[in-house]
Each structure stands twice: as C-alpha cells, then as structure tokens.
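In: coordinates only, sequence not included:
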C-alpha cells in the first residue's frame, strides 16, 4: 500500500492506494470515526481496476484541523480533491461516506461513474430540520479521529429534499441509467428520499460493482 | 504613506483594548471599548465583516456605561485563518469568547449573520443572554422559492460546482492587492449605501498593507454565498420561543449583503414582548448608517445609561 498526501485548502488528505492496476479506479470512503482499510475489502476484490481509499479530514492519516468546523459538504470537497487526482471513478461509501458519496455523485456527475451507498457509522446523521442542540467546547488533544468530527458530523442536518436534490443531479447529468446504488440495509429518512428517485437502485455491493465495472 | 495620513472617520474610535484569546490553538482577536469595570455587552459582526466595523457604534454604547466587547470571527479581521469554517464552529467560538469574560447573562447585539448566529445560540443556551438585539439579521425564505423546480436545481448545481471549483484553488490563493482607494471601491460594490469616506477608513482597520499594496485580512479561502442544508426560515422558527427581552432593528432599503426580509415576515415570529423597529431610508448596515438612532434604541431597550 502506498499513501499520497493531497492538499485540500489547509488540510492534507491521505489517499491510500490499496491495489495498483490498469483500468477505471474504485475509490472507497470510510465511515464516521473510521479510517481507510489497509487492504482491498473482500467485497471489492473482484473490481478489475485500481482500488484507492481516502481518509477524510480529521481521520486516519489526514490533518486534524484546529477547532472543528466540519460538515458533510467539507467532506464532499475532500472527495472532490481525490477526484481531481484520480479522475473518473466509481465510489463506494460507508456510513457518512455513503452520504458523502451521494453528495459528490450529484456535484460531479461526470466524474463519478457509479456510487454505492453502504451501511456504516454516520449513516444516520442528525435531524432533518432545526434543533436546540447546545454547543459543547471540547478541550481534548488533537488526534484522529478528531472529536470535533465525531461531534459535528454525527448531528449534521440532512433534509430529505436536500438529499433528493443530489440524487436528481446525478441522475440527470451523469449519463448513467443507474448512477446510484443503495446497498445499505438501514433507511434513514434522507436515504428513503434518495431511494424514491427514479434511477436509484437497491442492490448488494457486489452486484453494484459488477454493473459499474462494465461501464466504459 | 505615513500612518498619520491614513483616513479617519468622524465618530469612529479605535478600541480601548485589543487582545487575543487562544481557543485551543485558534487565535481570536478581541476589541473592547469602554471601561473594564463596566458590565460586558457583546457585539457580533456579520459575514465578511469584522469587529471594527463597529468603530462608530460601539463607542456610543461604551459612553453609556457598557464594556463593549467585539471579536473577529475565525478567518475575519485579525483572527486566525482556520482550516475549516462552519455555522456551529462560529457559534462555539462565540460562546467561548463570551465565557472568557463572564458566565452571567449579558446583552448581546448581532448584525446580519451575527444576528442569526445569536438567535440560534440564544435558543440553545438562553442563560447567556440578558437581552438580545438583532440588527438586520433576520433571515427569511429565499427569494428563489418561487422559481420552478428545474430552475432551482440548475442554480443549486451551479452553486455547488462553483464552490467545489473554488475549494480546488484555495490552497494557494491570496487576496488581490490594491491601493487603499481600490479596496474601498471594491467594497462599495457590496456596501453601496455606505459613504466612501467610511469605506476608506474600513480599509485602514480591515486590511493590511503589504509591499505590493493593501489586502483585506479576510481569509481568501472563504467565499460569499454558498449552499447547504440550512434554510433561512429555520432562524425565524427559533424566534417565538426566545425568553429574553428582544429588539429587532431593520432598514427598509434592500441591498446586496442583506437578507431581503420584510417587516411583515418578522412581526409574526417575534417572541412575547419582542419589538421590531424599522428605520426608514436605511439599508442593511443600520448601525453604520444611523449610529445615533440605533444606539439610542438599544440603550433605551437596555434601560438607559448606567
């Protein structure tokens, strides 16, 4: 395994190459509080091309910023930094990585050649509307996973129509018939809304990867 | 040009004290007007502004017997540029600064985004507020609500890709240098109602002079506008439940940095006993256009001179 550090604003992001190969890359996005795997997961072993994995800001070998400020959108921009380096690829996301996979699939529909949304930590996120949540200040040493990442990303707001918007952007602009595959078994409200969009399919991870591997 | 020849502005005063607070590694610049022996009153600036935009307004409150405390939010003014910016982080920084000075309820005045931030903090942590004043910081449903669905989707797509494209360039971006006059004129595009003399003065306190010209201190990685799950009307939904005395002040003239909210949208959301004052022929920066009138309203609301 090799690691390359990508620069996203003032953050260094660790992009791990789990398997070098010719062909279309597969990018893995981990769950909240996790980090990239060190080997290709069994469920992705049949992927014919290179396999890479990104540590989000504040996770794994990536930079821990001072004072938090996390959002799913910032993690989407982390994923975009990986897309800038890797080029068009299929993405598999776990937990919050699944939500980020949805966002980047809608935001960069020409670069994401299939998005697979899987169960994992951070899949639920926070409420779908305003809350009276308080704002604890954490005086903990900087480490990964960053406690502020765990705090802020576990309560980021995920309105159903906001999630639907990204699904629609992927469906309308990717040129793929089925750009989003839901392999997760859990159904937070945002994911329910995504599944309701025509062009989003429910299928196991291996089936989704087999379908996306055939895309040009 | 020697500093003594830098533009000044009538009524604008430098803070009595300026210092930094370390928030676990993030340096926040604090500016104070008035005596340290007086009770604290907090001023919260808006997005893309900085504490010293209160240079005219704060001294008026200080002369009435308040220790007026304002700070530059992360990435603004003299505070550190951060790796990440976010609504919750701004609120957390705010309560850390407030806690640094007092744990007792204090009056808090917020302008624009600072006003909206403080409505959320007042809802989440009401024990920090004796009074809440909101200066044209009452977001309302976006004007784009009437657009057709496909058009709104297209605009969002454009916002999102624009933001991501910007993020791709932020690692090395620096603000464009210019003469003091050029920076004042650039700012006037966003502050069209404010006198050029004021904007020239703002350059002297909100920009730094490098070898190749003046640059706004604002972090170049920040970008005006944006997108996200947050809805402006959520702020309004917190208003009716606020328990502390509430005063809203807004102008009746719309301009680029304002929310475009109408008084009739605000009145139904006022908390019990809350009051809204609308200043005629006044824009978004009510406290800069009419510092005497707004200070008088605020001091009356707080119970007069101390």
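Out: Yep, that arrived. Quantities reported herein were computed from a predicted structural model and do not represent experimental measurements.

In: Provide the secondary structure category for residue A:22.
Out: coil (DSSP: H, G, I helix; E, B strand; the rest coil).

In: which of the residues in stretch A:33-47 are buried?
Out: Of the residues in stretch A:33-47, A:33-37, A:40, A:44, A:47 count as buried by neighbour count, 16 or more other C-beta atoms under 10 Å in any protein chain shown. (C-beta placed from N, C-alpha, C; glycine too.)

In: Sheet partners, orientation included, of the strand of greatest length in chain A?
Out: Counting by DSSP state E, the longest strand found in chain A is strand A:11-19. The pairing partners recorded for strand A:11-19 under DSSP bridges are strand A:2-8 (antiparallel), strand A:51-54 (antiparallel).

In: Quickly compare those strands and say which is most buried.
Out: strand A:51-54 (a mean of 26; mean count of other C-beta atoms under 10 Å in any protein chain shown).

In: neighbouring contacts of that strand?
Out: A:13-19, A:21, A:25-30, A:36-37, A:40, A:44, A:78-79, A:82, A:86, A:89 (C-beta atoms under 8 Å, 6 or more residues apart in numbering or on different chains).

In: Recalculate using a threshold of 7 Å.
Out: Surrounding strand A:51-54, the residues in contact under the criterion C-beta atoms under 7 Å, 6 or more residues apart in numbering or on different chains are A:13, A:15-19, A:25-29, A:36-37, A:40, A:44, A:78-79, A:82, A:86.

In: One more: stretch A:156-165?
Out: By C-beta under 7 Å, 6+ apart, stretch A:156-165 touches A:71-72, A:99, A:102, A:106, A:125-129, A:189-190, A:193-194, A:197, B:153, B:156, B:229-230.

In: Tell me how many other residues crowd the residue of the stretch 201-306 of chain B found nearest chain A.
Out: In the stretch 201-306 of chain B, the residue that lies nearest chain A is residue B:234 (4.0 Å; C-beta to the nearest C-beta). For residue B:234, the count of nearby residues is 18 (other C-beta atoms under 10 Å in any protein chain shown).

In: before we move on, the earlier item: distance from the longest strand of chain A to the middle of the chain?
Out: 14 Å (C-alpha atoms, centre = their mean, to the nearest Å).

In: Check stretch B:15-29 too.
Out: Worked out by C-alpha atoms, centre = their mean, stretch B:15-29 lies 17 Å from the chain centre.

In: follow-up on the earlier one: my guess is the residue of the stretch 201-306 of chain B closest to chain A meets residue A:128, correct?
Out: No. Shown here, residue B:234 and residue A:128 do not form a contact pair, counting by C-beta atoms under 7 Å, at 11.1 Å.

In: quick one: pLDDT of whatever residue of chain A ends up closest to chain B?
Out: Residue of chain A nearest chain B, by C-beta to the nearest C-beta: residue A:69 (3.0 Å). We note a pLDDT of 96 for residue A:69 in this prediction.

In: pretty sure it is in a helix, no?
Out: No. Counting by three-state DSSP, residue A:69 is not part of a helix but coil.

In: Next, it: phi, psi?
Out: Phi and psi for residue A:69, reported as degrees, to the nearest 10, are phi 110, psi 20.

In: got any ranges where chain A has weak pLDDT?
Out: A:216 (pLDDT under 70).

In: Next to chain B in this structure, residues from it, please.
Out: Residues of chain A lying near chain B by C-beta under 7 Å from any C-beta of the partner chain: A:7-11, A:63, A:65-71, A:73-74, A:77, A:80, A:84, A:107, A:129-130, A:132-135, A:137, A:139, A:152, A:157-159, A:162, A:165, A:168-169.

In: And those residues, which of them are buried?
Out: Buried, going by 16+ other C-beta under 10 Å: A:8-11, A:63, A:65-71, A:73-74, A:77, A:80, A:107, A:130, A:135, A:152, A:157-159, A:162, A:165, A:168-169, out of those.
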